[in-house]
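Engineer: Next come a sequence and a model predicted from it.
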Amino acid sequence: VVQTGHTGNNSLSAFGTTAELGYRFPLPWQPRLSAFYGYASGDRNPNDSTDQRFERFYGFARPWSASEYAAFENISAPKVRLEITPHRKLRIDTGWNWYALASARDRYQPAAVRDPSGRSGRSVGQEFDFRARWQITPNLETILGYAHFSPGTFVSQTIRPDPADFIYLEVNVKAF
């Protein structure tokens, strides 16, 4: 995706891309192993008249991070994922994500924090996630998830050095 135009008095020249490659093994639990990479450009120099930050505009960050610690903006994010279906009503997936700022001088969107000097580095951190989806009935599904985030140098130096855990339970009801 390419974004061009103007943001205020600055010219805009930004881009984002994603790619995924996976393989489903011909085994009873249908294991699928995949590798994903996502990139969204960041503003290289906050003091010039050109903005290279890709703006996601809409949507939530869940596809990038279960804990929403990464979003499709100023990010470089490789991910490895494993999915299995041990039962026709139970699907389980897990993944390991690495997050880095595309530009060390631009903002880290989930916290709206920026180090204009770039000295805090590019490493946002790593996240392990796990999710189990159980289809109780055709109209009722539960999802139990967990994510553990380990901060990198940028997050440790600008926000907080502590890791974070996120646990959630969703209940989805299909009314129609």
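Structural biologist: That came through fine.
Engineer: The closest residue in space to Ser49 that isn't next to it in sequence: what's it in contact with?
Structural biologist: Closest residue to Ser49 apart from its sequence neighbours, by CB to CB, 6 or more residues apart in numbering: Asn10 at 5.3 Å. Backbone N, C-alpha and C define where each C-beta goes, glycine included. Applying CB atoms under 8 Å, 6 or more residues apart in numbering to Asn10 gives the contacts 49-51.
Engineer: bridging residues for Asn10?
Structural biologist: Thr7 (DSSP bridges).
Engineer: cool, and Glu83?
Structural biologist: Under the criterion used (DSSP bridges), Glu83 bridges to Arg32, Asp93.
Engineer: where does the residue nearest to the spatial centre of the chain land in three-state SS?
Structural biologist: In the chain, the C-alpha nearest the mean C-alpha coordinate belongs to Trp64, at 2.1 Å (CA atoms, centre = their mean). Taking DSSP: H, G, I helix; E, B strand; the rest coil as the rule, one finds Trp64 in the coil state.
Engineer: Isn't it up against Pro78?
Structural biologist: No. With contacts counted by CB atoms under 8 Å, Trp64 stays clear of Pro78, the gap being 11.6 Å.
Engineer: which neighbours do the two share?
Structural biologist: Asn97.
Engineer: Pro151 touches Arg160, doesn't it?
Structural biologist: Yes. In this structure Pro151 lies within contact range of Arg160 using CB under 8 Å: 7.0 Å.
Engineer: Counting neighbours around each, name which of these two comes out higher.
Structural biologist: Higher neighbour count among Pro151 and Arg160: Pro151, with 21 against 11, using other CB atoms under 10 Å.
Engineer: And the helices in this structure, which stretches?
Structural biologist: Assigned by DSSP state H, the helices in the chain fall at 153-158.
Engineer: so where is it shaky, pLDDT-wise?
Structural biologist: Scanning the chain for pLDDT under 70 picks out 58-62.
Engineer: show me where it has strands.
Structural biologist: Secondary structure of the chain (DSSP state E): strands at 2-7, 10-24, 32-40, 50-51, 75-87, 90-100, 107-108, 113-114, 123-137, 140-151, 164-173.
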